[in-house]
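Novice: Structure for this input, please:
(one chain, ligands or ions: 1)
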Amino acid sequence: MQLANRRILLGITGSIAAYKGAELIRGLRAQGAEVQVVLTRGGAAFITPLTLQALSGRSVHANHLDAISESAMGHIDLARWSDLILIAPASANCIARLASGMADDLLTTICLVSQVPLAIAPAMNRLMWEHPATQENLARLRARGVQIFGPASGEQACGEIGPGRMLEPSELLDLTARFFAQGRLAGRSVLITGGPTREAIDPVRFISNRSSGRMAYALAAAAVKEGARVVLVSGPVDLEAPRGVERIFVESAAQMHDAIAARAPESDIFIAAAAVADYRPVAPALSKIKKDASNRQLELERTPDILAEVAAKHSARFIVGFAAETENLETNALHKLKEKRLDMVIANRVGLPDRGFDSADNEALVLWPEGGRRELPLARKESLAAELMAIIAERYDAKSQTENR
Ligand code: CTP
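Specialist: From the prediction side, this is the model:
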């Protein structure tokens, strides 16, 4: 099951090859993928929504003005739902509209709002394929990172011979599987917390911290590059969600806790990179607190320790925690590793102006049980994240092998 749990949004556009979409859906589902079909008006001239619905097991979306399908899963939700958008067949017209960024039907609208990878399987007459307009459009799409699957050469529906035939469903299936099989975390799901939390004092004031979320966001991007499905539960930060990452925004430690509790059972690796407030006001005021001449006391209570809870409940998962320390880095980090029963702790110094919290750079001391240790020197958070993710993948494999023995 090379595509287990992968969510593929299959766009079918106006080409005679649309009928091959039926076989493609079968193949994708046989490999464990979930398939959601979006049919363009042109596509609907060649294959019926009913056929596609029966094969995909989901209702087919055909028009973005369709009030019923919008209420079930609107175009934004559809864009977020998928891990890959595959347009097969992609007509010359569809390619031209994608290249110029048009959003005049549901499929092109989804492509414009989506942050997941896009692959297209062109299908058209050889003269349309060879036309400079089509070739320029394809070059633009390629430059934007769109994967072009095919086309094949051969006899065409119109009787001509040449390039432009859509690849066979079995070939498209192989290319799709190969696309997902890249990376050391291919087929794994990674859940990450990031950023600060905000604990309300009253409707306009809160307790928070200096975390920028950059380390968590860089880790999320690095996990996607390693082929993982990534969910990032993020406190309030001013960062774009990395491409391919499902982001869930939360404010308080309690909300972060609930979002993680809902997602932890379905994830293989949990990385707690958030700077979760350890305390919150016991009784946040319901209306704005007015000043007066007296001093104030704010009573605080502990928040749930999300990391410790996930480690205790889901010991089979691979659990990574962070330790931000101003002193005794290694001793404190080792204490956290043991105390919270983690598989790995990533420790770094805070309180220095050029690294850690709210800075573009960081360094890390990585520790795992039985004396495992790696020191990573000061680097941009993005390259540090790539190194950390490689270590996480390596240790994750080691843990899985020990458990399977
Ligand atoms: N963490 C969490 N939930 C909390 C608090 C912390 O998930 N309520 C996670 C952080 O994301 C991080 C790790 O736990 O991965 C940090 O551990 P913690 O013991 O909270 O560190 P400090 O807050 O620095 O603790 P201490 O006051 O003991 O130094």
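
Novice: For burial, what's the neighbour tally of Met102?
Specialist: Neighbours of Met102 under the rule other C-beta atoms under 10 Å: 14. All C-beta atoms are positioned from the backbone trio N, CA, C, and that covers glycine.

Novice: State the three-state secondary structure for it.
Specialist: coil (DSSP: H, G, I helix; E, B strand; the rest coil).

Novice: wait, it sits on Cys94?
Specialist: No: in this structure Met102 lies outside contact range of Cys94 using C-beta atoms under 8 Å: 9.8 Å.

Novice: Which residues are in contact with each of those two?
Specialist: Thr108 (C-beta atoms under 8 Å, 6 or more residues apart in numbering).

Novice: Surely Leu106 touches Gly74?
Specialist: No: judged on C-beta under 8 Å, Leu106 makes no contact with Gly74 at a distance of 9.8 Å.

Novice: more crowded one of these two?
Specialist: Leu106 (24 against 15).

Novice: Quick check: the gap between the more buried one and the ligand.
Specialist: 39 Å (C-beta to the nearest ligand atom, to the nearest Å).

Novice: Now that residue. Its backbone dihedrals?
Specialist: Leu106 adopts backbone torsions of phi -60, psi -40, taken as degrees, to the nearest 10.

Novice: now it: how far from Asp83?
Specialist: Distance, Leu106 to Asp83, using C-beta to C-beta, to the nearest Å: 19 Å.

Novice: Ala241: what's it in contact with?
Specialist: Ala241 makes contact with 115, 217, 220, 232, 247, according to C-beta under 8 Å, 6+ apart.

Novice: Show me what from the stretch 101-250 of the chain comes close to the ligand.
Specialist: Counting by C-beta under 6 Å from any ligand atom, the residues of the stretch 101-250 of the chain close to the ligand are Thr193.

Novice: Point out where the stretch 101-250 of the chain drops to low pLDDT.
Specialist: Scanning the stretch 101-250 of the chain for pLDDT under 70 picks out nothing.

Novice: can you pull out the helices in it?
Specialist: Applying DSSP state H, counting those that start in this stretch to the stretch 101-250 of the chain gives helices spanning 106-113, 126-130, 132-143, 169-180, 214-225.

Novice: List the buried residues for the first one?
Specialist: Residues of helix 106-113 classed as buried by neighbour count (16 or more other C-beta atoms under 10 Å): 106-111.

Novice: Equivalent analysis for stretch 198-211, please.
Specialist: 198-201, 206-207, 209, 211.

Novice: Which members of these are positioned in strands?
Specialist: Counting by DSSP state E, the buried residues of stretch 198-211 place 199-201, 206-207 in strands.

Novice: Can you pull out the residues in contact with stretch 146-157?
Specialist: 16, 86, 88, 98, 117-126, 129, 138, 141-142, 161-168, 171-172, 175, 179.

Novice: near the ligand, which residues of the stretch 251-400 of the chain?
Specialist: Contact residues (C-beta under 6 Å from any ligand atom) of the stretch 251-400 of the chain with the ligand: 253, 272, 274, 276, 278, 303-307, 321-324, 336.

Novice: Give me the domain ranges for the chain.
Specialist: Split into domains by automatic domain parsing, the chain comes to 7-179, 189-403.

Novice: Which of those domains sits closest to Met1?
Specialist: domain 7-179 (3.7 Å; C-beta to C-beta).

Novice: Find the nearest non-adjacent residue to Met256, please.
Specialist: Computed as C-beta to C-beta, 6 or more residues apart in numbering, the closest residue to Met256 that is not its neighbour in sequence is Val250, at 4.7 Å.

Novice: one step back: out of the contacts of Ala241, flag the one nearest to the ligand.
Specialist: Leu232 (12.9 Å; C-beta to the nearest ligand atom).

Novice: just the buried residues of helix 106-113 now: which is nearest the ligand?
Specialist: Proximity of the buried residues of helix 106-113 to the ligand (C-beta to the nearest ligand atom) peaks at Ile110, which lies at 33.8 Å.

Novice: What values do phi and psi take at the residue nearest to Met256?
Specialist: phi -130, psi 170.

Novice: same deal with the one 4 residues further on?
Specialist: Ala254 adopts backbone torsions of phi -60, psi -40, taken as degrees, to the nearest 10.

Novice: Quick check: pLDDT value at it.
Specialist: Per-residue pLDDT puts Ala254 at 98.

Novice: how about it, what does it touch?
Specialist: With contacts defined as C-beta under 8 Å, 6+ apart, the neighbours of Ala254 are 280, 303-304.

Novice: from the residues you listed, which ones fall inside strands?
Specialist: Filtering the contacts of Ala254 for strands - DSSP E - leaves Arg280.

Novice: got a winner among the contacts of Ala241 for most neighbours?
Specialist: That'd be Ala220 among the contacts of Ala241, by other C-beta under 10 Å, with 32 neighbours.

Novice: Run a quick neighbour tally on the closest residue in space to Ala221 that isn't next to it in sequence.
Specialist: Nearest residue to Ala221 in three dimensions, chain neighbours excluded: Pro242, at 3.7 Å (C-beta to C-beta, 6+ apart). For Pro242, the count of nearby residues is 19 (other C-beta under 10 Å).

Novice: Who are the contact partners of the residue lying closest to Lys313 once chain neighbours are set aside?
Specialist: Excluding its sequence neighbours, the residue lying closest to Lys313 (C-beta to C-beta, 6+ apart) is Ala264, at 7.2 Å. Ala264 sits next to 191, 270, 310, 313-314, 317 when contact means C-beta under 8 Å, 6+ apart.

Novice: before we move on, what about Leu175?
Specialist: Leu175 neighbours (C-beta under 8 Å, 6+ apart): 119, 147, 149, 167.

Novice: are any of those residues buried, and which?
Specialist: 119, 147, 149, 167.

Novice: quick one: which of these sit in strands?
Specialist: 119, 147.

Novice: what pairs with the closest residue to Leu300 other than its chain neighbours across the strands?
Specialist: Spatial nearest neighbour of Leu300, excluding adjacent residues (C-beta to C-beta, 6+ apart): Tyr279 at 3.8 Å. Taking DSSP bridges as the rule, Tyr279 bridges to Arg302.

Novice: count of neighbours near Tyr279?
Specialist: Neighbour number of Tyr279 under other C-beta under 10 Å is 14.
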